[in-house]
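> model the structure of this input:
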Amino acid sequence: MSDQFLDVEEEQPVDEVGIESILNQLLDLMATAKSMPLSSSVMVSREEVTSLVQSALECLPDELRQARWLLREREEFMAERSRDAEALMDEVRAQAEHMVQRTEIVRQANSVAQRILDDANEEARALRHQAEDFVDTKLAGMEIVLDRLTRTVQAGRARLAAPLVEAATEDEGSGTEEDGFFDQDQR
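Numbers count the residues shown, from 1 in each chain. Below you'll find the predicted structure:
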């Protein structure tokens with residue numbers, strides 16, 4: 001494993017590192033890998049790459065759990081606001097029963113209760129949008145990192161495939177046709 005990855009593991013647990021950081025480490029590992037002699041291909045440690053990908057997979061459920069927690073918090077907030085509104089409506093109904101002759105008070109109470117319900121619904125919408133924005137931001141970040149990683153892997157595979165095709169065509173054209181093998185002394 002690289003010293004850079006070990007330092008991050010020693011400083012922070014995987015949960016605090018985050019999937020984006022792990023994927024950035026993976027990209028850095030690919031970018032700073034040593035080149036193979038006489039080739040544009042690079043050598044990377046299978047253990048390092050596997051470890052980084054495994055760490056990313058372990059972080060993924062945590063980030064999804066955080067998004068679910070935000071949604072649950074929003075639902076609990078909505079339920080609490082709904083209970084508050086119901087309690088207020090019950091209080092208004094009780095007051096209205098005592099003051100039937102004063103219809104203006106009942107109208108004002110209904111107006112206040114409706115305003116509270118509207119405020120609660122607006123706050124709930126805002127929380128839902130925040131949760132959706134949070135999840136969308138995280139997913140967009142992962143999409144960008146994974147797209148870069150895919151392009152890097154495809155470019156690496158293309159570079160690996162090109163020397164193999166050239167070597168195969170050179171092997172077919174070399175040697176003598178008479179005896180079926182190449183004699184280095186014969187010209």
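
> how many other residues sit next to Ala87?
Burial of Ala87 is recorded as 10 neighbouring residues (other C-beta atoms under 10 Å). Placement of C-beta: from N, CA and C, glycine included.

> secondary structure element for it?
Per DSSP states H and E, Ala87 falls inside helix 46-98.

> what's the first helix or strand after that helix?
helix 103-173.

> how far does that following helix sit from the chain's center?
7 Å (C-alpha atoms, centre = their mean, to the nearest Å).

> which strands and helices sit next to that helix?
helix 19-31, helix 46-98 (3 or more C-beta pairs under 8 Å, 6 or more residues apart in numbering; DSSP states H and E).

> Pro163: which of those helices is closest?
Pro163 lies closest to helix 19-31 among these, at 18.8 Å (C-beta to C-beta).

> on that earlier part again, single out the most deeply packed of the helices and strands packed on helix 103-173.
helix 19-31 (a mean of 18; mean count of other C-beta atoms under 10 Å).

> now for it, which elements pack on it?
helix 3-11, helix 46-98, helix 103-173.

> change it to 10 Å
Helix 19-31 sits against helix 3-11, helix 14-17, strand 42-43, helix 46-98, helix 103-173, with contacts defined as 3 or more C-beta pairs under 10 Å, 6 or more residues apart in numbering; DSSP states H and E.

> JSON lines for these, including distance to Ala31?
Compiled in JSON lines, the helices and strands packed on helix 19-31 are given as follows (distance: least, C-beta to C-beta, whole Å):
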{"stretch": "helix 3-11", "distance to Ala31": "12"}
{"stretch": "helix 14-17", "distance to Ala31": "19"}
{"stretch": "strand 42-43", "distance to Ala31": "9"}
{"stretch": "helix 46-98", "distance to Ala31": "13"}
{"stretch": "helix 103-173", "distance to Ala31": "8"}
